[in-house]
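A.B. asks: the amino acid sequence is not available; the structure is as follows:
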Ligand SMILES: [Fe+2]
């Protein structure tokens, strides 16, 4: 690593910037290369770097994926969750822990029924195939976007479903809008339909149907699994951005993939539903 590379690394590790501006990585690399010619130019480069101390040079990863996910339900790309988190801060996205007291980034591993948390999907389905669900369905305000990332490959795909006709997002049947579920979350349990205000809330691990329409809704989501699309973790560093408001997802059976490790971070978008 050159002196300039080390210099650049140290800048980025020096602390969290108060604001993030996305500037051209090519321009920065060009400056770095030419600056290697002599110490004077290296000093100039340092000065320039200081001027943009609170601007971060990075390739846009999250923003285009969020933009695409808003249109299509989900989007896939390459990158690290660290980069995603940094960029998310600049985009005004708020990290949402999946459970109170949990860190914002969690590693999802296949768990047997006996080792899983109560009311979790793993407690009901173990390492087998999961049903379609939204993350954070037990929360009053579930996350808007869920970002999954894997540093390695996994033979267990993530299944995705969105209710679309042609290119347009469709509202679900009336019984999905009006069937009532008990959402189990300890003393914070509450009643809710599986679709309201333009977004789904569904997780059979923590939601119990309370009436005939809700039981119809359960069948609706079970049937939706037939038209789910698979995202394959077939390259290291893959990212999957899911619009958690309109897209349901599920892990395929991981019974033969005990070492699967997918990282997750979830976000809420201020001012959007
Ligand atoms: Fe999930």
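C.D. replies: Happy to help now that I have it. These figures come from a predicted structure and were not determined experimentally.

A.B. asks: tell me which other helices or strands the strand or helix carrying residue 75 touches.
C.D. replies: Assigned by DSSP states H and E, residue 75 belongs to strand 74-78. Applying 3 or more Cβ pairs under 8 Å, 6 or more residues apart in numbering; DSSP states H and E, one finds that strand 74-78 contacts helix 62-72, strand 238-243. For the C-beta atoms, the positions are set from N, CA and C on the backbone; glycine is no exception.

A.B. asks: and the angle for the shortest one with strand 74-78?
C.D. replies: What it means is strand 238-243. 160 degrees (axes from the mean of the first three to the mean of the last three Cα atoms, to 10 degrees).

A.B. asks: would you give the sheet partners of strand 238-243, along with the direction of each?
C.D. replies: Taking DSSP bridges as the criterion, strand 238-243 forms sheet pairs with strand 74-78 (antiparallel), strand 145-150 (antiparallel).

A.B. asks: tell me how far the last one lies from the chain's centre.
C.D. replies: Right, strand 145-150. Relative to its chain's centre, strand 145-150 lies at 3 Å (Cα atoms, centre = their mean, to the nearest Å).

A.B. asks: where exactly do the helices run in the stretch 101-250 of the chain?
C.D. replies: Here the stretch 101-250 of the chain has its helices, by DSSP state H, counting those that start in this stretch, at 121-125, 174-178, 212-224.

A.B. asks: who wins for proximity to residue 76 among these?
C.D. replies: helix 212-224 (20.3 Å; Cβ to Cβ).

A.B. asks: give the other helices and strands that that closest one contacts.
C.D. replies: Helix 212-224 packs on helix 174-178, strand 207-209, going by 3+ Cβ pairs under 8 Å, 6+ apart.

A.B. asks: can you tell me which of the strands paired with strand 238-243 is most buried?
C.D. replies: strand 145-150 (a mean of 24; mean count of other Cβ atoms under 10 Å).

A.B. asks: and for it, what are the contacting residues?
C.D. replies: 62, 66, 69, 79-81, 84, 93, 108, 135, 158, 233, 236-244, 249, 261-267, 269 (Cβ atoms under 8 Å, 6 or more residues apart in numbering).

A.B. asks: cutoff 7 Å now
C.D. replies: By Cβ atoms under 7 Å, 6 or more residues apart in numbering, the surrounding residues in contact with strand 145-150 are 66, 69, 80-81, 84, 135, 158, 233, 238-244, 262-267, 269.

A.B. asks: returning to that earlier point: so can I have TSV of the helices and strands packed on helix 212-224 showing distance to residue 191 and mean neighbour count?
C.D. replies: Below are those laid out as TSV (distance: least, Cβ to Cβ, whole Å; neighbours: other Cβ atoms under 10 Å):
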stretch	distance to residue 191	mean neighbour count
helix 174-178	12	17
strand 207-209	10	19
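
A.B. asks: any idea which of those gets closest to residue 122?
C.D. replies: strand 207-209 (15.6 Å).

A.B. asks: what's the average pLDDT for the closest one?
C.D. replies: Averaged over strand 207-209, pLDDT sits at 97.

A.B. asks: contacts for that strand next, please.
C.D. replies: 137, 179, 181, 182, 183, 184, 215, 217, 218.

A.B. asks: appreciated, that's everything.
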